[in-house]
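*Asks:* Let's see this in three dimensions:
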Amino acid sequence: MNTRFVRCSARRVPARALLAGFLCAAILAAPFATAVAADGVSLAEALRLAAARAPALDARRYGVAAAQEEAARAGALPDPTLTVGIDNLPVTGSDAFDASVDDMTMKKIGLWQQIPSRAKRDARRSFADRETEGAQAKADAEILAVRRATAEAWIAVWTAQRELAALQTLRDQAALAVKLSKARVAGGGESVSDALATEAALLELDNRIEAAQADKRVAQASLARWVGDAAVDASEAAPDFNALPMPEANLLAAVDQVGPLLSATAQVETAAAAIDVARAEKRSDWSVGASYGQRSGGRSDMIMLEVGIGLPLFSRNRQDRGIAAREADYQAALASREDLRRQEAARIRADLARWEGLKRQVALHEDALLPLAQDRSATTFAAYRAGGDLQPWLNARRDELDVHLAHAEHLGELGRAWAALAFLLPAETQP
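*Replies:* This next block holds a predicted model:
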């Protein structure tokens, strides 16, 4: 998001509160500063690392490779069968198990080959191709999911760093107030209870800082899952969360390209190919065989040639029921895809509405609520330094802290809403 700085209001503070004015400028810049080094990981670099290191993507790539290997052998003829045996061997009487007695006894060796119909082999090849496309669709959907999850994790780290920087700057003001209250107590100009109140305010802020640091470590752990580094900071530069990489109207027009629908469409195509496989079962298969028989005692050897054909005579209760089952699967896949399409279209509309609302909330914080809270805190602190009461500054500081935390929360929500839309479609479909 392009960094935007807000200005202090034009209200004047006494000259003796010049230091408070300086603190005002520092505090106003803090929410939009960053706590990361210049060599922090950018969003683009995090996405590149995730694409190269995410085990989930490797798993999908191997799945595609496996489907391709299966498709390469689909439709091939079955392996031939080698047969070895002996025919017409006597097993009873005085000539039992004597291969030389009977003229018809012979040793035999042969080959047998099953030949599925061409329609079956073509249907199986088509079905395997559709399964390969399905594996590729799942891989493409996984890429979208990884990109979005990486972006959300990076945005969480980036937001935590901004929140931590803002709280640290507020702590500087609170620490100065503690020193000032102690000096007043020593000079007899302030009660001990006021000094204790300033110290309590500082401790409360330290507690918030500890919580923010814990949130940052949690966000870094989530980002490490994708980029592979245990503790990585986000770079200062961030995308403009107020603008999407493609027109909003195009998102709904391209709803069929979102990750879940990529897989659902592939399932529909696979179900259609399964119908062709079921219909091909009504085609007859062929088989051919040849064997050579050797007889003993100088008798002539023999050969055998055989051709077989399948007879699907009872297709009504066999093949036809299989076809009906696959057609029902196809209709179920169509209905599931349509339901998912409506669900994804509704989700896109909801995400767009949420994104638009968060843009307005963040803009309201940056343009009005933050400057107002900061001006109030700076003014009451200047009045306190000039000898005024402590309580107005404590109230203003507490309110300013709440505004900062709310702004950080809304900024993180805006980033996540932006990521949900910006990484909705494959990169090649975006302008």
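*Asks:* Phi and psi next, for the spatially most central residue of the chain.
*Replies:* Central residue of the chain (Cα atoms, centre = their mean): Ala145, 1.9 Å from the mean position. The phi/psi pair for Ala145 (degrees, to the nearest 10) reads phi -60, psi -40.
*Asks:* gap between it and Arg299?
*Replies:* For Ala145, the distance to Arg299 equals 74 Å [Cβ to Cβ, to the nearest Å]. (Glycine included, C-beta is placed from N, CA and C.)
*Asks:* One more: Ser222?
*Replies:* Plainly put, Ser222 is 84 Å away from Arg299 if you go by Cβ to Cβ.
*Asks:* Likewise for Gln343?
*Replies:* 78 Å.
*Asks:* residue ranges for the strands of the stretch 51-200 of the chain, please.
*Replies:* Under the criterion DSSP state E, counting those that start in this stretch, the stretch 51-200 of the chain contains strands at 81-87, 106-115.
*Asks:* Just the residues contacting the last one, thanks.
*Replies:* Strand 106-115 is contacted by residues 77-78, 80-88, 99, 285-296, 301-302, 304 when judged by Cβ atoms under 8 Å, 6 or more residues apart in numbering.
*Asks:* How about the shortest one?
*Replies:* Applying Cβ under 8 Å, 6+ apart, the contact partners of strand 81-87 are 99, 104-114, 289, 291, 293.
*Asks:* now do 6 Å
*Replies:* Applying Cβ atoms under 6 Å, 6 or more residues apart in numbering, the contact partners of strand 81-87 are 106-110, 112.
*Asks:* between those residues, which has the most around it?
*Replies:* Counting neighbours by other Cβ atoms under 10 Å, Met106 leads those with 22 neighbours.
*Asks:* Could I get the pLDDT score of it?
*Replies:* According to the prediction, Met106 has pLDDT 90.
*Asks:* can you pull up the bridge partners for it?
*Replies:* Per DSSP bridges, the residues bridged to Met106 are Asp87.
*Asks:* what does Gln113 give?
*Replies:* Taking DSSP bridges as the rule, Gln113 bridges to Val288.
*Asks:* gap between it and Ala273?
*Replies:* Applying Cβ to Cβ to Gln113 and Ala273 gives a distance of 26 Å.
*Asks:* who has more neighbours, these two?
*Replies:* For Gln113 and Ala273, the more surrounded residue by other Cβ under 10 Å is Ala273, and the numbers stand at 23 against 14.
*Asks:* And the pLDDT at Tyr292?
*Replies:* 94.
*Asks:* right, and it touches Ile303 too?
*Replies:* Yes - in this structure Tyr292 lies within contact range of Ile303 using Cβ atoms under 6 Å: 5.3 Å.
*Asks:* More neighbours: these two, which one.
*Replies:* Neighbour totals were compared for Tyr292 and Ile303, and Tyr292 leads with 14 against 10 (other Cβ under 10 Å).
*Asks:* which element is that one on?
*Replies:* Per DSSP states H and E, Tyr292 falls inside strand 286-294.
*Asks:* Give the buried residues for that strand.
*Replies:* By 16 or more other Cβ atoms under 10 Å, the buried positions in strand 286-294 come out as 287, 289, 291, 293.
*Asks:* looking at it, the second one is touching Glu306, isn't it?
*Replies:* If I follow you right, that is Gly289. Yes - in this structure Gly289 lies within contact range of Glu306 using Cβ under 6 Å: 4.4 Å.
*Asks:* about what we covered before: who's in contact with the residue nearest to the centre of the chain?
*Replies:* If you count contacts by Cβ under 6 Å, 6+ apart, Ala145 has them with Gly259.
*Asks:* what's the distance between it and Gln161?
*Replies:* Ala145 sits at a distance of 25 Å from Gln161 (criterion: Cβ to Cβ).
*Asks:* Tell me, how many residues neighbour Asp98?
*Replies:* Asp98 has 13 neighbours, counted by other Cβ under 10 Å.
*Asks:* again but with Ala137, I slipped
*Replies:* 22.
*Asks:* ok, now which ones touch it?
*Replies:* 262-263, 266.
*Asks:* Tell me the one of these nearest Tyr384?
*Replies:* Nearest to Tyr384, judged by Cβ to Cβ, of the contacts of Ala137 is Leu262 at 61.0 Å.
*Asks:* Can you name the residues in contact with whichever helix or strand comes after the strand holding Tyr292?
*Replies:* Note on strand 286-294: by DSSP H and E, the next helix or strand toward the C-terminus is strand 302-309. Identification of contacts with strand 302-309 by Cβ under 6 Å, 6+ apart yields 284, 286-293.
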